[in-house]
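# Based on what follows, work out the 3D shape:
(one chain, ligands or ions: 2)
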Amino acid sequence: MDIYHGTFIHCENFGEIEVLENTAVVVHENKIVAIDVNIDFEQLLSTYKTSEHKIREIYRLSDQEFLIPGFIDAHIHGPQFENAGLGYDKALLEWLKAYTFPLEKKFEDVNYATPVYEKVVETTLKNGTTTAAYFGTIHSKSCLKLAKIAKMKKQRAFIGKVNMNMNVPDYLTEDTRQSIRDTKQFIKDVISLDDPRIQPIITPRFAVSCDLNMLEQLGAVQKEFNCHVQTHVSENVDEIEFIKQLFPKHANYTDVYKKANLLGEKTILAHGVHLTDEELELIRETNSSVIHCPASNTCLKSGLCNVRRLLNNKIKVGLGTDVAGGYNPTILDAMRRAIDVSNHIFLSNPEYRPLNYKEVFYLATMGGAAALSLGEKIGNFKIGKDFDALLVNMENKLIRDLRPEELFQKFLYLGDDRNIKNVFVAGDKVII
Ligand code: GUN
Ligand code: FE
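Numbers count the residues shown, from 1 in each chain. Ligands and ions are numbered 1, 2, ... in the order given. As a prediction, the model looks like this:
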């Protein structure tokens, strides 16, 4: 077993952080088995020396260090890593055409994909993303490579082979039967990696690029395998207009997914910037989640997502970097952008209460966990949960005499990968 002693900061409830000082957390076979609050290091040693389990490692944190739960990036496009920072002169649909689709074509070649996927997993891990929900491309082989890389590097990851059969260039347009066959095989291949950290996720890109037949068949695949689903919804006003033309008989964008049996507690919907009240109702009723991608919504000028409204409607919300709609592959940045966007909404609507650092930290950890139906497994430090954690060290910031929650605030606003000394996923120290 491993023992950690020092300050722990995490969330149980939205808007509240718990700071546990002088605390010991004991981890055995991936999981937290004991938490002792207010225990001195010497006292701790004498308690656990006599324990039946052998101590593998003891981490004694300094007063410039603390442990927090690992970050959850619930929406990121692995193949778009190379496009981060490019092409924000356009809005969504034009951006996809000009920049995204030509790049994704290259992923038919696994040799092209491999170094990109290695880099994206390494970079996100180094920056504290212990769990990621990845969009891949339509190409199963490359997506499977991403799954194997995540497994090797020990990131907890949902890997999605993208489906699309309309309104995309010919070179990315799938034959529906083949696409469904490939998806089922991909799901089986990921399951056969036999690693609980690596899961398949059904990934119709968005209703613009999938016809009803394809969406319905993917709904049936979901039922067959009971796996997660991810897609985009209501990101951009032109996209929503297009959906109205494509699906005139449906009540709204979200209803297209609902009727195809693609909503449910394992479904995560990226963006949701312009959702109507009726759509919020559908999302809440089906216990689906929305993933807030503030950087992307700004870069592609999609809009200001009112997260408070989603939460007030009892919708689960997680955070996503949405690389390359967003340019920064780190959840630290997503938290900052979420605060910025929220402050901007407040500036034009003084009734609105902007999100604070505690609230975005919740979204980055417990919020993401709940959105992915992993709230019982990860997201904070509770006995029985997997130990997914970041050991943060703030020494390079030359700050003294701060209370732990102030040091933590500094990390959220000013920290970067140099402050993330160690990353743990299911108790394993991830070597990057
Ligand atoms: N909607 C459909 N595809 C995409 C994508 O790749 N990125 C973003 N941000 N939105 C999308
Ligand atoms: Fe996206």
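# ok, V423 - contacts?
V423 is in contact with 70, 125-126, 128, 130, 389-391, 429-430, 432, counting by CB atoms under 8 Å, 6 or more residues apart in numbering. For glycine as for every other residue, the C-beta is placed from the backbone atoms N, C-alpha and C.
# Which single one of those is nearest to T23?
A389 (12.8 Å; CB to CB).
# On the three-state scheme, the residue lying closest to that closest one once chain neighbours are set aside is what?
Of all residues not flanking A389 in the chain, F424 sits nearest, at 4.6 Å (CB to CB, 6 or more residues apart in numbering). Here F424 is strand, with the state taken from DSSP: H, G, I helix; E, B strand; the rest coil.
# Now do S46: how many residues are near it, please.
9 (other CB atoms under 10 Å).
# For it, give me the pLDDT.
pLDDT recorded at S46 is 88.
# rewinding a little: so the residue nearest to A389 sits against F387, correct?
Yes - taking contacts as CB atoms under 8 Å, F424 lies within contact range of F387: 5.7 Å.
# residues touching K258, list them.
K258 sits next to 282, 286 when contact means CB under 8 Å, 6+ apart.
# what about it, which helix or strand?
Assigned by DSSP states H and E, K258 belongs to helix 253-259.
# sorry, back to before: which ones among the contacts of V423 lie within strands?
Counted as lying in strands by DSSP state E, out of the contacts of V423, are 130, 389-391, 429.
# Spell out which parts of the stretch 301-432 of the chain neighbour ligand 2.
Within reach of ligand 2 by CB under 5 Å from the ion, the stretch 301-432 of the chain has these residues: D322.
# how about the helices in the stretch 301-432 of the chain?
In the stretch 301-432 of the chain, the segments counted as helices under DSSP state H, counting those that start in this stretch are 307-312, 331-348, 357-362, 368-371, 404-414.
# tell me which strands and helices the third one is in contact with?
What it means is helix 357-362. If contacts are counted by 3 or more CB pairs under 8 Å, 6 or more residues apart in numbering; DSSP states H and E, helix 357-362 sits against helix 331-348, helix 404-414.
# The same query, at a cut-off of 6 Å, please.
Other helices and strands packing on helix 357-362, by 3 or more CB pairs under 6 Å, 6 or more residues apart in numbering; DSSP states H and E, are helix 331-348.
# got the angle for the helix it packs on vs helix 404-414?
Per axes from the mean of the first three to the mean of the last three CA atoms, to 10 degrees, the angle that helix 331-348 makes with helix 404-414 is 90 degrees.
# buried ones in helix 331-348?
For helix 331-348, the neighbour count (16 or more other CB atoms under 10 Å) marks 331-342, 345 as buried.
# Quickly name whichever of these is closest to ligand 2.
Compare each of the buried residues of helix 331-348 with ligand 2 using CB to the ion and the shortest gap goes to A334, at 12.6 Å.
# hmm, back to that, so which of the helices of the stretch 301-432 of the chain gets nearest ligand 1?
With CB to the nearest ligand atom, the closest approach to ligand 1 among those belongs to helix 331-348: 13.3 Å.
# what does the average pLDDT come to for the closest one?
The pLDDT scores in helix 331-348 average 98.
# Export it to CSV, keeping only CA atoms.
C-alpha atoms of helix 331-348 as CSV (Å, rounded to 0.1, in the frame of the first residue of the first chain):
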residue,chain,number,x,y,z
ILE,A,331,-8.4,21.5,-17.8
LEU,A,332,-6.7,24.2,-15.8
ASP,A,333,-7.3,26.4,-18.8
ALA,A,334,-10.9,25.1,-19.2
MET,A,335,-11.6,26.1,-15.6
ARG,A,336,-10.2,29.6,-16.2
ARG,A,337,-12.1,30.1,-19.4
ALA,A,338,-15.3,28.9,-17.7
ILE,A,339,-14.9,31.6,-15.1
ASP,A,340,-14.1,34.2,-17.8
VAL,A,341,-17.2,33.3,-19.9
SER,A,342,-19.3,33.3,-16.8
ASN,A,343,-18.0,36.8,-15.8
HIS,A,344,-18.8,38.0,-19.3
ILE,A,345,-22.4,36.8,-19.0
PHE,A,346,-22.6,38.6,-15.7
LEU,A,347,-21.4,41.9,-17.2
SER,A,348,-24.4,42.0,-19.5
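# what packs against it?
Where contact means 3+ CB pairs under 6 Å, 6+ apart, helix 331-348 is packed against helix 294-299, helix 357-362.
# what sits against the residue of the chain found nearest ligand 2?
Per CB to the ion, D322 is where the chain lies closest to ligand 2, at 4.4 Å. Going by CB atoms under 6 Å, 6 or more residues apart in numbering, D322 touches 75, 293, 296.
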